[in-house]
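Student: the sequence and its predicted three-dimensional model are supplied below.
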Amino acid sequence: MDEPVLLTGAGGRVGRAILAGIGEAYDWRLLDREPIGADALPDGVTDDDVVVADVTDEDEVREAAAGVGAVVHLAGDPRPNAPWDSVLTNNIDGTRTVFEAAVDAGVDRLVFASSNHAVGAYETDDRTPHMYRKDDEFRLDGSELPRPSNLYGVSKAAGETLGRYYHDHHDLSVACVRIGNLTEGHPPKEYERGQAMWLSHRDCAHLFDRCLLADYGYEIVYGISDNDRKYYSIERAREALGYDPQDNSAEYTFDGEPRESVEADGRTPR
Ligand SMILES: NC(=O)C1=CN([C@@H]2O[C@H](COP(=O)(O)OP(=O)(O)OC[C@H]3O[C@@H](n4cnc5c(N)ncnc54)[C@H](O)[C@@H]3O)[C@@H](O)[C@H]2O)C=CC1
Ligand SMILES: O=C1O[C@H](COP(=O)(O)O)[C@@H](O)[C@H](O)[C@H]1O
């Protein structure tokens, strides 16, 4: 891509994972309402490429989007228990502002950070906990209707619907990534649900790279590693985006140690 990529929420956990993995592959314009630490900036990104602004500020976002080829929109309140006033402002209004600015700037594509919590209510009492386990065949594939776990999940479903609207009416390519649970180094410890939806840092960077490179119209995909325990299908991400994840939470013990090193020590993995 010749033009820069605008990355909102660049200073957060997902933003840092993306920049650590593919920071050298693009020219970036980084936006966050908090200053971004120098340690998170890829080589070649200077203070001139960093915008400290709120995504609800239409003028600032419009200025940040001018001249970019693509937007990766991560900024928002990521708390599953976030209150309505916060998700309404940061996640719904902020996302609308970013879509609107992208269209006005003539941007080709926008990648939206959605969440597993857009569909968390599929995890009914009669399906859990076995749906989190390797031998269970229940799968969500991205074609199902949202069933949010909480108001945060409602805001993510709203973001996906905004994406559908801006794709249908403004011809913007939109990929919504229902991110699972991003952790660095190992899957979430002693947490079956988290291990079923683990997204490693390298798979995260690779998935967003594919979202920036592949040809598509409107997509909803799951953002998880190739975990044995999965209940989200990654087939659509493979087919539509060319996603080829390298990690699997089954390569770690339940408490997060690499299985290989536990076995090499002669210990019995949990
Ligand atoms: N970390 C995870 O496992 C998951 C993350 N997500 C989504 O991915 C996105 C990024 O999440 P994380 O990096 O984990 O969160 P984070 O809290 O680490 O990063 C979010 C960043 O966005 C910025 N931000 C928040 N509201 C803003 C606003 N109104 N204007 C400008 N900047 C704002 C924050 O300053 C922060 O740097 C969020 O939209 C979240 O809902 C979805 C599913 C799982
Ligand atoms: O959307 C998100 O989901 C992950 C996983 O959810 P959890 O309820 O199992 O912790 C969460 O860690 C992340 O903060 C959130 O943005």
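Tutor: Received it, and whenever you're ready, just let me know what you need. Ligands and ions are numbered 1, 2, ... in the order given.

Student: smallest gap between this protein and ligand 1, at which residue?
Tutor: Closest contact between the chain and ligand 1, by Cβ to the nearest ligand atom, is at residue 12 (1.8 Å). Bear in mind the C-beta positions are built from the backbone N, C-alpha and C, glycine included.

Student: what distance do you get for the residue lying closest to that residue once chain neighbours are set aside to residue 261?
Tutor: Closest residue to residue 12 apart from its sequence neighbours, by Cβ to Cβ, 6 or more residues apart in numbering: residue 74 at 6.4 Å. Using Cβ to Cβ, to the nearest Å, residue 74 is found at 33 Å from residue 261.

Student: same check, this time on residue 8
Tutor: Taking Cβ to Cβ, one finds residue 8 at 38 Å from residue 261.

Student: and residue 203, by the same measure?
Tutor: From residue 203 over to residue 261 the distance is 21 Å, taken as Cβ to Cβ.

Student: look at these two and report which has more neighbours.
Tutor: Neighbours per residue (other Cβ atoms under 10 Å) separate residue 203 from residue 261, with residue 203 holding more: 26 against 12.

Student: tell me the contacts of the more buried one?
Tutor: Shown in contact with residue 203 (Cβ atoms under 8 Å, 6 or more residues apart in numbering): 224, 225, 226, 245, 246, 247.

Student: if you set the cut-off to 6 Å instead, what comes out?
Tutor: By Cβ atoms under 6 Å, 6 or more residues apart in numbering, the contact set of residue 203 is 225, 245, 247.

Student: top of the residues you listed by number of neighbours, please.
Tutor: Neighbour counts for the contacts of residue 203 were taken using other Cβ under 10 Å; the highest belongs to residue 225, with 28 neighbours.

Student: hmm, that residue is touching residue 201, no?
Tutor: No. Because the distance of 9.9 Å does not satisfy Cβ atoms under 6 Å, residue 225 is recorded as not touching residue 201.

Student: quick one: secondary structure of residue 98?
Tutor: Secondary structure assignment for residue 98 (DSSP: H, G, I helix; E, B strand; the rest coil): helix.

Student: what is the burial count for it?
Tutor: Residue crowding around residue 98 was assessed by other Cβ under 10 Å; the count is 30.

Student: tell me the pLDDT at it?
Tutor: Confidence at residue 98, expressed as pLDDT, is 98.

Student: tell me, how many residues neighbour the residue nearest to it when sequence neighbours are not counted?
Tutor: Closest residue to residue 98 apart from its sequence neighbours, by Cβ to Cβ, 6+ apart: residue 73 at 4.9 Å. Residues lying near residue 73 (other Cβ under 10 Å) number 25.

Student: ok, residue 73 - contacts?
Tutor: Contact analysis of residue 73 by Cβ under 6 Å, 6+ apart lists 8, 98, 112.

Student: repeat the analysis, applying 7 Å as the threshold.
Tutor: Residues counted as contacts of residue 73 (Cβ atoms under 7 Å, 6 or more residues apart in numbering) are 8, 95, 98, 110, 111, 112, 113.

Student: any idea how far residue 139 is from the residue of the chain closest to ligand 1?
Tutor: Taken as Cβ to Cβ, the spacing of residue 12 relative to residue 139 amounts to 29 Å.

Student: try residue 231
Tutor: Using Cβ to Cβ, residue 231 is found at 6 Å from residue 139.
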